[in-house]
Every structure is written in structure tokens, then in C-alpha cells.
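**Q** The following comprises the amino acid sequence and a computationally predicted model.
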Amino acid sequence: MRVRSCLAIALVCSLSGTTAAAQNQPASTVRTLLAAGSLGGLADRPFFFRLYRVLLSAAQRSSYNGANGMLYGLSGALEIDIAGTPSSLVEGGGTYIPAGRPATISASGAGPADFLIFELSPRPNQTAPLLDPDAVEELYRTPEPLPGLKPGPYEFSLTRVSLPPGMPANPPHYRSGAALYYILSGSGLFTVAGNTEPRTAGMPHFEPAGMVHQWANPADTPLVLIQANISQEGIPAVIAPGAK
């Protein structure tokens, strides 16, 4: 009986230790795909990333005159008509607008609508109004063409990435294409070439191809990123150094 009791106690202690260790492990990063589209070859001419924030008043309507774009709803509700196909965009949702497709965007709720546009443009110095009427704030533009573009079709995606509280630096990695972020909420740390910098809500952030980096979230709240990414079809968007 004493042997059985000792074994039972040992088993309980072992399970308790395992449970405690599991509880001490940080939660996993959560990635939610919001929108996706296919692009033709990008290597035949230079391309640039742009990030805009747009505020439409209640019932205001505007025509989109841009290149390939990803829309993300910050607040309010939108009705989007792309070449005669209507859809809705609510807070936290995403929509892809292909280049060359006429689009009308309107605030559909009782109040204003606030949203982001991630644009992949072949024009280095865009001067034409992005929307009409123009209610646009430019948050970021890549000053140079995206490096490392290769022949062949590309994928264009919009993803919400949530890094859990207390997350240590993830393994070093780099992008096969490029990504432009908007820091939606929280704060974290970005490390590249031995330098660590803070990233806080409202900031844009750009990652070109081949830049080895790490993300960490030492804060006690999630770090939420909205990510527009391009990568070649059939090639992983994220690659570990030395991987074949």
C-alpha cells in the first residue's frame, strides 16, 4: 500500500509539474488571413509599397484610382463595388482590389469609416489622387523599388498577426518577397543586424527581401500587426537562414 501511495503521489507531482510548465509557456503567434490575390510577373518593372489611411464621412462615396490594393477596416463599415461586384467591409476585415478594376468605396453606416490601403504600385512618384474626393493621409512609401523581385507570378496577401504577451524573440528569419506592416495595437521589439528597436501602435514597418530579423513581445498585452505581403507562388513567404 505504501508503494502504491508513493507512486500515486509521484504521479500527481509529475502531472502538476507538467501542467505548471505548460502554463508557463508563452502562447503561440496567431495568423489570420484576411484577403489574398494573384499577381502577374513583377520583375519586368520596379514596384513600390505604399500605405495610406483614409477617413470617409457618413454616406461619403469615393472612387479608387490606384494599383493593386489591400483594404483593412479600422472602424465603421464600408460598401465596396469592384467592377459591378458589391461586398461589405467591417472593422477588422480585409478586401483585395486588383489593379485595373474600377472600384467605388462608400461609408455605409450611420457614422464615418476609417480604413487602411496597402498599395503595390509601379509608379515611383504617385501624384494623382488615390481617391476622389481626396481624404487620404500617406503613412509610408518605400523610397526605392522593392529589391529581389524575380520572374514569375506572385501572391499578394493581407494577414492579421497577433504576437502573445511575454513572447521572447522568435527564431531569425527573412522574407522571400517583401512585407509592409501597420502596428495595430500593443508594442514590441524588432531586431535586425544586432540592433533592437521598439515598434508601437500606429507605426508603419517595412521588411524587404532577405533581411534577417526577429520579433519579440515582452509586454503584457498582445502585439497585433496588419501585414501586406508579396511572395512568389510556390515559395514560402518566410524562410530560415540556411534553409534550402
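**A** Looks like it came in fine.

**Q** care to break this protein down by domain?
**A** According to automatic domain parsing, the chain is divided into the following domains: 26-36+150-239, 48-141.

**Q** mind checking how far the longest one is from the chain centre?
**A** For domain 26-36+150-239, the separation from the chain centroid amounts to 7 Å (computed by Cα atoms, centre = their mean, to the nearest Å).

**Q** Give me the mean pLDDT for that domain.
**A** The average pLDDT within domain 26-36+150-239 is 95.

**Q** Pipe the domains of the chain into JSON lines and attach distance to L42 per row.
**A** Backbone N, C-alpha and C define where each C-beta goes, glycine included. Formatted as JSON lines, the domains of the chain follow (distance: least, Cβ to Cβ, whole Å):
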{"stretch": "domain 26-36+150-239", "distance to L42": "5"}
{"stretch": "domain 48-141", "distance to L42": "8"}
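
**Q** a markdown table please, covering those and showing mean neighbour count.
**A** Below are the domains of the chain laid out as a markdown table (neighbours: other Cβ atoms under 10 Å):
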| stretch | mean neighbour count |
| --- | --- |
| domain 26-36+150-239 | 17 |
| domain 48-141 | 17 |
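
**Q** For M167, see how far away F115 is.
**A** Plainly put, F115 is 28 Å away from M167 if you go by Cβ to Cβ, to the nearest Å.

**Q** element containing E137?
**A** Assessed by DSSP states H and E, E137 sits inside strand 136-141.

**Q** Remind me what that strand packs against, helices and strands.
**A** If you count contacts as 3 or more Cβ pairs under 8 Å, 6 or more residues apart in numbering; DSSP states H and E, strand 136-141 packs onto strand 48-56, strand 204-207.

**Q** Would you mind writing the CA trace of that strand as PDB?
**A** The C-alpha coordinates for strand 136-141 follow below in PDB (Å, rounded to 0.1, in the frame of the first residue of the first chain):
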ATOM      1  CA  VAL A 136      -6.200  60.300 -47.600                       C
ATOM      2  CA  GLU A 137      -3.200  60.500 -45.300                       C
ATOM      3  CA  GLU A 138       0.000  58.900 -46.600                       C
ATOM      4  CA  LEU A 139       1.700  56.900 -43.800                       C
ATOM      5  CA  TYR A 140       4.600  55.300 -45.600                       C
ATOM      6  CA  ARG A 141       6.200  54.800 -49.000                       C
END
